[in-house]
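Student: here is my input; please provide its structure:
(one chain, ligands or ions: 2)
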Amino acid sequence: MLNIVIFGPPGAGKGTQSELIIDKYKLVHLSTGDILRNEIANKTTLGIEAQKIIEKGELVSDDIVIGMVKNKIEANIEGNGFIFDGFPRTTEQAEALDRLLEENNTSISVMISLDVDEDELVKRLLKRAEEQGRKDDTIDVIRNRIKVYNEVTSHVCNYYSKKGKYCPVNGTGTIDEIFERITAVIDGAETKRPCCCG
Ligand code: C5P
Ligand code: MG
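Tutor: Ligands and ions are numbered 1, 2, ... in the order given. Next comes the predicted model:
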């Protein structure tokens, strides 16, 4: 199986690049943000709770997101692999993901971290607000999401770095340029050639 974590701050291009990656490598896209937005649209109990948290730019509890990921992994374990988009967001989630994959006799192949500076992130998210109208793409919520990323989520890099799976990729340029950099890393990881990973 090929299991990829696509990582980076809000607006780094995780969702956009995931679409191209799933198409090329035939993976299952596991976006915890999309699952949560679907729960909100369906007005489930979980969705109603999650909405308040998401609209502040805070994080939903580890137990809830880990439970969602477990269900999705178990439902798709016969496939080629997964791309984890927007998860793990805490070190506890990264540990739980390793345990879940191990229980299913598989593991993370590589973690791709998209590097984009803060001014560019804000610019992209404000543009997305105009196009998609996401309620958490307002300037105050964007600032808080970036703060939560810097204070909590960014530490997840250390977790994968210690395992030799952390691969930073320049996340600026055209969508195609960034995708080319990503495929070079994935193909290197697949053939077990040493890649840029720390
Ligand atoms: O990944 P995405 O940017 O789509 O997530 C949108 C929001 O969903 C996050 O800002 C956060 O509030 C919530 N979320 C979360 N935990 C995750 C994924 C998303 O709390 N693992
Ligand atoms: Mg996304």
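
Student: OK, contacts around N104?
Tutor: I73, E74, I77 (Cβ atoms under 8 Å, 6 or more residues apart in numbering). (Glycine included, C-beta is placed from N, CA and C.)

Student: among those residues, which are located in helices?
Tutor: I73, E74 (DSSP state H).

Student: among the contacts of N104, who's most crowded?
Tutor: For those, neighbours were counted using other Cβ atoms under 10 Å, and I73 has the most, 21 neighbours in all.

Student: was I right to think that one contacts N3?
Tutor: No. Contact criterion Cβ atoms under 8 Å: I73 and N3 do not qualify, at 9.4 Å.

Student: pull the number of nearby residues for the closest residue to Y25 other than its chain neighbours.
Tutor: What sits nearest to Y25 in space, not counting adjacent residues and going by Cβ to Cβ, 6 or more residues apart in numbering, is L2, at 5.8 Å. Burial of L2 is recorded as 19 neighbouring residues (other Cβ under 10 Å).

Student: residue of the protein nearest ligand 1, please.
Tutor: Nearest residue of the chain to ligand 1 (Cβ to the nearest ligand atom) works out as G33 at 2.0 Å.

Student: and that residue, what is it in contact with?
Tutor: Per Cβ under 8 Å, 6+ apart, neighbours of G33: G15, D85, G86.

Student: and the gap between A184 and T16?
Tutor: A184 sits at a distance of 18 Å from T16 (criterion: Cβ to Cβ, to the nearest Å).

Student: likewise for G173?
Tutor: Per Cβ to Cβ, G173 is found 12 Å from T16.

Student: just checking, H155 touches T91?
Tutor: Yes. Between H155 and T91 there is a contact under Cβ under 8 Å: 5.8 Å.

Student: so where do the strands sit in this protein?
Tutor: 4-7, 28-31, 82-85, 110-115, 166-170 (DSSP state E).

Student: turn these into a markdown table, columns for distance to M68, mean neighbour count and mean pLDDT.
Tutor: Output for those, formatted as a markdown table (distance: least, Cβ to Cβ, whole Å; neighbours: other Cβ atoms under 10 Å; pLDDT from 0 to 100):
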| stretch | distance to M68 | mean neighbour count | mean pLDDT |
| --- | --- | --- | --- |
| strand 4-7 | 16 | 26 | 98 |
| strand 28-31 | 9 | 19 | 98 |
| strand 82-85 | 12 | 25 | 98 |
| strand 110-115 | 20 | 22 | 97 |
| strand 166-170 | 24 | 19 | 96 |
